[in-house]
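> prediction below, plus the sequence it came from.
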Amino acid sequence: MISVEEFTNQLAAEFEDVEPNTIFPDTNYRDIKNWSSMYALIIIAFIDANFDVQLNAENLKSTQTVRDLYNVVCEKMK
């Protein structure tokens, strides 16, 4: 598995209208400027495509930060 920092950088690159250097592992991803359900779909698709892990709405509800997402992905990869 990649580091949480690399995960954060790759995820940040998925958001077209967000400056990559403004998202960090401890960033609450729901606080991203212009947050919408589209971002949630981008996160789910990014994780599925890059890590072959399927997240559901409950997984997203139980997380707040990018690090939380990373930890869920790591757990599901075991």
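Sure, I can see it. Numbering: from 1, shown residues only.
> what's the first-to-last distance across stretch 8-19?
Terminal residues of stretch 8-19 lie 12 Å apart, using CA to CA, to the nearest Å.
> and Trp35, how far is that from Phe15?
10 Å (CB to CB, to the nearest Å). Where C-beta positions appear, they are placed from N, C-alpha and C, glycine not excepted.
> those two: who's more crowded?
The neighbour comparison of Trp35 against Phe15 (other CB atoms under 10 Å) goes to Phe15, with 21 against 14.
> my guess is that one contacts Ile42. True?
Yes - if you go by CB atoms under 8 Å, Phe15 and Ile42 touch, sitting 6.7 Å apart.
> which ones are touching Ile43?
Residues in contact with Ile43 (CB atoms under 8 Å, 6 or more residues apart in numbering) are 11, 14, 29, 55, 60, 69.
> model confidence over the helix or strand hosting it, on average?
For Ile43, the host element (DSSP states H and E) is helix 37-51. Helix 37-51 comes out with an average pLDDT of 94.
> for Thr65, grab phi and psi.
When read as degrees, to the nearest 10, the backbone of Thr65 gives phi -100, psi 170.
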